[in-house]
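Novice: just the structure for this:
(2 chains)
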Amino acid sequence: MKRVLLFPILTFFIVSPLFAAQQRSQHDVESDNSALTLLHNTMAEMLQKEPRQGLEKIADKFPLSNYTDFKINTEASIKTIKKPSTEISKDEWQAFIKTTFNADSESGEVNCKLVDLDDDGERDLIISSYSGGTGLFSYTGVLKRVGDKFVDINNYTENDTQVITGALYSENGRGANQWGQWVRINNQVYALWFNGEYDEDTFYLLRPFNKDNKIPSITIYYQYEYDNTAIEPQDEGKQLNLALNDHDKKQLIKSLNTKKYYFNKQKEEQEQETICPIPAGTSSEDAAHYWTEIAGSYVTQPVAVIPVWLNGTCFIGSVESYFGRGELMTISSPKDLNILGTYSITGVRHIKSIKSGWKSREENIPL
Amino acid sequence: MITRRQNTITEARFDMVGEPLVNADADQLDNGQDTVLKYEYNLYNTAKRLYPQNPSAGFELLRFGRVINTEYEILTPADAPLWRTVRFPGGTGMVNLASPGIKKFSDADFPHWMGWRMVDDDTDNNSQCNSPLIAGLQDSGHFSDLSGCLVCHFPLEWNATTFDQRYAWLKAGSDDAPAMSEEDFDRLKSHASALCFDTGELGTSRMWHFHPTAFIAHFRKCCWISKQELKQLIPLNVIRMARRNSYLWEPIAYRDATGSMADSIRIHLNKGMQKYLINTPLRIACFLGNAIQETQWLSQREEVGSRQIWYYPWHGRGLLQLTSPGNYFDYFSFRGLIYINDIKNRLSAEYNRLYTNRNARQTDNHLSDTENDIPHNIITWRNNVSSDDHDVVGSAGFYWVSAYMAYHSDAEHELERCSVNTNSRIKIYYRSSAFWKASASVNLPGRINTLYSTALNGFNDRCCVYGSAITVLTEQKFPDNNGIKIVEKPESNQLRRG
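Specialist: Residues are numbered from 1 along each chain as shown, chains lettered A, B, ... in the order given. Prediction:
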């Protein structure tokens, strides 16, 4: 997987930054709370109209305006780069070519967007690049228009570990359910950053030029309901690997709907019950396999371990979620850890509650 | 690069000609980031530059002096040279090592110019060392330099029935030692016989003897992983993060029976690790710490549930989950497979478009083979990355060399003991900055220098394999809870029996 460390692509100027990233003022707090309320209400409205729809399209309700997208390839020479769009003014283009930034890009391409991020009448610069790796990561940074160029005011201290100039957020494409999209709410531009998990989704409103650790956010908590249609073969069109009779299927659905089998903090703290009964004479080392799911991968999130009864024999069902985008269950024998098969599981997601508040950026948004 | 010349007086000795040439053939054009122009770290770039028609075959030429995997690799052109700077008495010059007239050896050949020597000029059966060659080495003062490389032919010591034949001379005495009494001789014989064992037919004749510690040290350079050793690398349990600050202790279902992935890939894995210079215990620990985790404990050659993924059919395949059209086509180029660039460009552009436009991934996705009229051979090459074990390993080796993973793996492995509260009490794993950087270059390439960033997927899991690999492949001790390095194997009963 090729990686290109982008050197300053154009003229390199080193000057002290003119502005430091802002701390949030009381006015900003009120503005953010107002945006949060509007976002919250819009979500509630969307969910009321279509309770089972996802909220992926919420960002489309708050579109940006007056922006220009273009791409550059950092392997190109300054002499060969031409102004890519008539929507970019001569002044903006001059500022762009005077700007230096770096980004880790697998292909050498960097996506650029010109848009006024702080309502000062001048368009600023958003850069994003796909870095790849098995996590399929990408990064987004912001640079403020200051004088005759764009300047990183978020990370103004020279920082060798900065993956992209003006780093604001990352997206983990495999091993998480994350995305970021630019929105304008109440005339303020935010990066709406989403992190999905099995039983909760969180939306964060990131101000582009703000270093505060507390971030306004909305978290939606879910519970699931599994019915007779929930269990399918893992591979579309194939037979269910390990056919279930009606009785066993009913039992399995019941287990899937039983809260005690799901991982949560309470469960970790309290005494657990075995998932399958431990046969007499089982060594203590082997007995541990009757309590727990088998090891999975980072591509999915472990959510539950349930008993799966097949013709009178108890097996371990390890339920994994694609971070809220469907589940799968691997069935294994606690006796010898032999894997018998895998089911695809689809439940109906119900919203339990929606909470707005402020969360720690450092703990929730890895960069 | 070292040149040796046979010593004119002591023929068993081969002296170095001048100082070793270090990185003499490193080229600034090949220098990767931070690799300080070290020839070996940049071999991938060198192979691409010098052998653009088939860099993979060229890589073998650079690595071994000839193409080894002739079943899979064809050097193009067939007579492509390998010019290397070589020292000779009086100067240096360029030699084409690819020339058929030049013989290539490895440590497996026990080359004589590295000091290895068969000694069979002691023809008596009396267990005394009467070899003229060894006597000559002693006289010239070179014996201690070469003694570890001498493979000597003399009667086996562990056969009780030949004791008298070997030691009767003790009773006769000599200028150096008085004669041994019958009583003492019987006591010695009784003691030695008690230590002997049934040696069968072989035990009655003369046998070749290696120097024990030199033999072990030499064989450890091989780094070939046996079935039992591979099994030991898979920990019994893994610490997996369920969500932030919440960890599970999960048993690993490992299968290595005939037909299993672990069983069928092992030979290819060993060969591949030799080719791609994953050839020190710590490099192997870094490579397998990631590859074993990425393949779900050597059970999956491709990403599970791939048909539902938006980047299907360019989903993760191989030991390090090669993903996306751009990476596949780069691998094809490395393997010397010829394709039309337009196909690569079109698919890469579509992948990048979908990555940045998530709403289009399901509704406006144009990555499919039929839609792009992908030629059958490209589909076969791509599918081989999960169906042909040569490519399952080769794709990961390609990643290893192109991402300079050896560079990160060669840093000091200062082990740090980490404890986490899991659903099954507190468990221990071990990490190091070197392993972090190797893992980040696999999963989180933009953040290699952001030590222990929580963004890296499954780092705890990877560390569990790493801990087992450190135990099995190295002599390194683990720190106890006071930081003192005295622990022989990972705590929490992680190590699997071979």
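Novice: pull the longest helix from chain A.
Specialist: helix A:26-49 (DSSP state H).
Novice: what about B:Ala57, distance to B:Val95?
Specialist: 20 Å (C-beta to C-beta, to the nearest Å). For every residue, glycine as well, the C-beta is placed using N, CA and C.
Novice: A:Asp152 now?
Specialist: For A:Asp152 relative to B:Val95 (C-beta to C-beta), the value is 51 Å.
Novice: which of the three states applies to the closest residue to A:Tyr262 other than its chain neighbours?
Specialist: Closest residue to A:Tyr262 apart from its sequence neighbours, by C-beta to C-beta, 6 or more residues apart in numbering or on different chains: A:Ala304 at 4.4 Å. For A:Ala304, the secondary-structure state derived from DSSP: H, G, I helix; E, B strand; the rest coil is strand.
Novice: care to break chain B down by domain?
Specialist: Domain segmentation of chain B under automatic domain parsing yields B:4-104, B:112-219, B:227-299+B:405-487.
Novice: which one of those domains lies closest to chain A?
Specialist: domain B:227-299+B:405-487 (3.4 Å; C-beta to the nearest C-beta).
Novice: what's the span of the closest one, first residue to last?
Specialist: 25 Å (C-alpha to C-alpha, to the nearest Å).
Novice: related to what we said a few turns ago, between A:Asp152 and B:Val95, who's got more neighbours?
Specialist: A:Asp152 (27 against 17; other C-beta atoms under 10 Å in any protein chain shown).
Novice: tell me who's in contact with residue 217.
Specialist: No chain specified, so I'll use chain A. A:Leu36, A:Thr202, A:Phe203, A:Tyr204, A:Leu205, A:Ser356, A:Gly357, A:Trp358, A:Lys359, A:Asn364 (C-beta atoms under 8 Å, 6 or more residues apart in numbering or on different chains).
Novice: wrong chain, I was asking about chain B
Specialist: B:Gly148.
Novice: what does the stretch 151-300 of chain A put close to chain B?
Specialist: The interface of the stretch 151-300 of chain A toward chain B, taken as C-beta under 8 Å from any C-beta of the partner chain, is made up of A:160-161, A:163-164, A:170, A:172-176, A:179, A:181, A:197, A:234-236, A:263, A:265, A:267-268, A:272, A:288-289, A:291-300.
Novice: hmm, back to that, now that we have the contacts of A:Ser217, which of them are buried?
Specialist: A:Leu36, A:Thr202, A:Phe203, A:Tyr204, A:Leu205, A:Trp358, A:Lys359 (16 or more other C-beta atoms under 10 Å in any protein chain shown).
Novice: now go through these and say which are in strands.
Specialist: A:Thr202, A:Phe203, A:Tyr204, A:Leu205, A:Trp358, A:Lys359 (DSSP state E).
Novice: from those residues, which two are the most distant?
Specialist: A:Phe203 and A:Trp358 (12.8 Å; C-beta to C-beta).
Novice: how many neighbours does A:Arg24 have?
Specialist: 16.
Novice: how about B:Ser99, nearest residue that isn't a chain neighbour?
Specialist: B:Pro81 (7.7 Å).
Novice: right, I mislabeled it, should have said A:Gly324
Specialist: A:Gly196 (4.2 Å).
Novice: repeat that for A:Tyr322.
Specialist: Closest to A:Tyr322 by C-beta to C-beta, 6+ apart is A:Thr300, at 5.8 Å.
Novice: and the one you found, how close does it get to A:Tyr198?
Specialist: In terms of C-beta to C-beta, A:Thr300 sits 9 Å off from A:Tyr198.
Novice: so those two - more neighbours on which side?
Specialist: A:Tyr198 (28 against 22).
Novice: what residues are bridge-paired with the closest residue to that one other than its chain neighbours?
Specialist: Of all residues not flanking A:Tyr198 in the chain, A:Ser321 sits nearest, at 3.8 Å (C-beta to C-beta, 6+ apart). Beta-bridge pairing for A:Ser321 (DSSP bridges): A:Gln301, A:Glu327.
Novice: I'd guessed A:Ser321 sits against A:Val299; true?
Specialist: No. The pair A:Ser321 / A:Val299 is not scored as a contact, 10.6 Å apart, by C-beta atoms under 8 Å.
Novice: anything in contact with each of the two?
Specialist: Joint contacts of A:Ser321 and A:Val299 (C-beta under 8 Å, 6+ apart) do not exist.
Novice: sorry, back to before: burial count for the residue nearest to B:Ser99?
Specialist: 14.
Novice: do the same with B:Ser348
Specialist: B:Ser348, neighbours per other C-beta under 10 Å, totals 21.
Novice: same question for B:Pro100.
Specialist: B:Pro100: 7 neighbours (other C-beta under 10 Å).
Novice: wasn't it part of a helix?
Specialist: No. If the criterion is three-state DSSP, then B:Pro100 is coil and not within a helix.
Novice: got phi/psi on it?
Specialist: Backbone torsions of B:Pro100, given as degrees, to the nearest 10, read phi -60, psi -20.
Novice: mind listing what it touches?
Specialist: With contacts taken as C-beta under 8 Å, 6+ apart, B:Pro100 has no neighbouring residues.
Novice: pLDDT score assigned to it?
Specialist: B:Pro100 carries a pLDDT score of 91 in this model.
Novice: residues from the stretch 1-150 of chain B in reach of chain A?
Specialist: So far as C-beta under 8 Å from any C-beta goes, the stretch 1-150 of chain B lies against chain A at B:Gln33.
Novice: now with 10 Å, please.
Specialist: B:Gly32, B:Gln33, B:Asp34 (C-beta under 10 Å from any C-beta of the partner chain).
Novice: centre-most residue in chain B?
Specialist: Nearest to the geometric centre of chain B sits B:Asn279, at 2.8 Å (C-alpha atoms, centre = their mean).
Novice: what pLDDT is listed against that one?
Specialist: For B:Asn279, pLDDT reads 96.
Novice: ok, A:Gln22 next?
Specialist: Looking at A:Gln22, the pLDDT reads 62.
Novice: check contacts around the nearest residue to B:Gly203 once chain neighbours are set aside.
Specialist: Distances taken as C-beta to C-beta, 6+ apart put B:Asn159 closest to B:Gly203, at 3.8 Å, once the chain neighbours are dropped. Listed by C-beta atoms under 10 Å, 6 or more residues apart in numbering or on different chains, the contact set of B:Asn159 reads B:165-166, B:193, B:196-200, B:202-205, B:207.
Novice: could you redo the last one with a cut-off of 7 Å?
Specialist: B:Cys196, B:Thr199, B:Gly203, B:Thr204 (C-beta atoms under 7 Å, 6 or more residues apart in numbering or on different chains).
Novice: adding secondary structure and distance to B:Ile309, write these out as JSON lines.
Specialist: As requested, the contacts of B:Asn159 are exported to JSON lines (DSSP: H, G, I helix; E, B strand; the rest coil; distance: C-beta to C-beta, whole Å):
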{"residue": "B:Cys196", "secondary structure": "coil", "distance to B:Ile309": "64"}
{"residue": "B:Thr199", "secondary structure": "coil", "distance to B:Ile309": "61"}
{"residue": "B:Gly203", "secondary structure": "helix", "distance to B:Ile309": "62"}
{"residue": "B:Thr204", "secondary structure": "helix", "distance to B:Ile309": "66"}
